[in-house]
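Visitor: here is a sequence together with a model predicted from it:
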Amino acid sequence: MGSFSEMFFLFLLALIIFGPKKLPEIARQVGKTLAEFRRASNEFKSQLDGELRQMEIEEALKKQDAERAAQILPPHAGSVASGTLTGEASPAPIVTPTGETGASPDAPGHHD
C-alpha cells in the first residue's frame, strides 16, 4: 500500500506545481519517454543476447576443433609412419638371378 500512497502524493505534487492544464501533456511526455527507454533497453538486451550466443557458438567450435586435433595424433616413434625405427633391424638378404643369397649392398661389412 506504500507505493499507492507515494504515487498519490506525487500526483498531487505535480498537480500543484504544473496545474491541471499542463498535467496531461506532461504525463504523455513521461509515457513516451518511458516507452522509448523500454524499447531501447529491449534492443540493447537483444543485442547483448545475440553477442553472448555468438561467443558460445565460437567457443563450442573451438572446443570441437581441439577435440578433433586430439583425436588425430602424430605417429609414435618407432612406427613405420614416423620414419624412425627403434631397435636394430637386420637388412634383408639379396637374392641374385642365379638363386644365390648375399648381404644387401647397403649392409655394414659388405665389400665389392
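Guide: Thanks, I have it. Numbers count the residues shown, from 1 in each chain.

Visitor: strands of the protein, start to end?
Guide: Ranges of strands in the chain, per DSSP state E, are 94-95, 101-102.

Visitor: could you give the mean pLDDT of the first one?
Guide: In this case it means strand 94-95. Taken as a whole, strand 94-95 has a mean pLDDT of 64.

Visitor: with the last one instead?
Guide: Across strand 101-102, pLDDT averages out at 58.

Visitor: Leu15 contacts Leu23, doesn't it?
Guide: Yes - the criterion here is CB atoms under 8 Å, and Leu15 meets it with Leu23 at 5.8 Å. Where you see a C-beta, it was placed from the backbone N, CA and C, and this is true even at glycine.

Visitor: can you list the weak-confidence ranges in this protein?
Guide: 1, 73-112 (pLDDT under 70).

Visitor: give the closest residue to Phe18 in space, chain neighbours not counted.
Guide: Spatially, and ignoring its direct neighbours in sequence, Phe18 is nearest to Ile26 (5.8 Å; CB to CB, 6 or more residues apart in numbering).

Visitor: return the set of buried residues in stretch 26-41.
Guide: Buried residues in stretch 26-41, counting neighbours by 16 or more other CB atoms under 10 Å, are absent.

Visitor: what's that stretch in contact with?
Guide: Residues from elsewhere that reach stretch 26-41 (CB atoms under 8 Å, 6 or more residues apart in numbering): 14, 18.

Visitor: nice, that's everything, thank you.
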